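K.L.:
quick check, what structure comes out for this input:
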Amino acid sequence: LITAGEGGILSTKHQSIFERALLIGHFNKRAIQQIETDENLKYAPTGCGLKLRMNVLGAALANEQLKNNYFQNLLKEKQEIAAYVADNIDNKREFQGLETASIPTNSTASYYALPICWNQECFKCDLKQFVRTLNEYGVLHADMPGSTCPLDQYEVFKRFIDDDLVREQFRNANKFHQNMFKIDVWYGERRKEYADCFLEALEDVCTLYKR
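P.N.:
Modelled structure (predicted):
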């Protein structure tokens, strides 16, 4: 949500996570100064050899966005629009067969994107065609996640785990992934206008393919 090039920010209350993150991004002086546990301190001179840390310009950009409630306002606007879109999709007959993913009551979503679940039984086309038609109607950001998928589909994990065990453990994750598409969640002065345009296009495509 905060734009800082390839920079990233990690916030944690756990010393062990902080130290391991230090080893991924730093080595020598800072690692030696800030790592407290013997288990991790022995790796401080070299780190993990990755030096995955934000460049100074990226840090400056991120720092500006954390000032004057910019991030808090951005998050509030995205949550507002996600709730508005979800309320329309989940409660109007025009969108029968679609449902937004539920958020646990004890969680706060940042809404990098809004997942929309799909019920094939309600439509006379497949999900790929549905999303393609949405794109043709001008909803260019609607897509079926490909590179973002359950862990068992990544080669780096397949090498170390049993296929049968994985299929069982990730059954719900794969079912969710195969039956959903995602959209952007807008913020800024015109966010409601963008959301209404999306809902209008979505209704047209639902009507086109409804059984």
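K.L.:
name the next helix or strand following the lowest-mean-pLDDT helix or strand in the chain along the chain.
P.N.:
When each helix and strand of the chain is scored by mean pLDDT, DSSP states H and E, helix 163-169 comes last, with a mean of 72. Beyond helix 163-169 in the direction of the C-terminus, DSSP states H and E gives the next helix or strand as helix 171-178.
K.L.:
Thr12 reaches Arg20, doesn't it?
P.N.:
No: look at Thr12 against Arg20 with Cβ atoms under 8 Å: they stay out of range, at 9.7 Å. Using the backbone N, CA and C atoms, a C-beta is placed for each residue, glycine as well.
K.L.:
between the two, which one's more packed in?
P.N.:
Ranked by neighbour count (other Cβ atoms under 10 Å), Thr12 and Arg20 place Arg20 first, with 16 against 10.
K.L.:
grab the nearest non-local neighbour of the spatially most central residue of the chain.
P.N.:
Nearest to the geometric centre of the chain sits Tyr112, at 4.7 Å (Cα atoms, centre = their mean). With Cβ to Cβ, 6 or more residues apart in numbering as the criterion, Tyr112 has its nearest non-adjacent residue at 6.7 Å, and that residue is Leu1.
K.L.:
list the contacts of the one you found.
P.N.:
Contacts were defined as Cβ atoms under 8 Å, 6 or more residues apart in numbering; by that measure Leu1 touches 71, 74-75, 78, 110, 112.
K.L.:
ranges for the strands of the protein?
P.N.:
Per DSSP state E, the chain carries strands over the ranges 98-100, 114-118, 180-183.
K.L.:
now those strands as CSV including mean neighbour count, mean pLDDT and distance to Arg190?
P.N.:
As requested, the strands of the chain are exported to CSV (neighbours: other Cβ atoms under 10 Å; pLDDT from 0 to 100; distance: least, Cβ to Cβ, whole Å):
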stretch, mean neighbour count, mean pLDDT, distance to Arg190
strand 98-100, 19, 97, 21
strand 114-118, 19, 96, 17
strand 180-183, 20, 97, 16
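K.L.:
of all those, which one is nearest Pro145?
P.N.:
For the strands of the chain, the distance to Pro145 is smallest for strand 180-183, at 6.1 Å, taking Cβ to Cβ.
K.L.:
which strands or helices does that closest one pack on?
P.N.:
Packing contacts for strand 180-183, counted by 3 or more Cβ pairs under 8 Å, 6 or more residues apart in numbering; DSSP states H and E, involve strand 114-118, helix 127-136.
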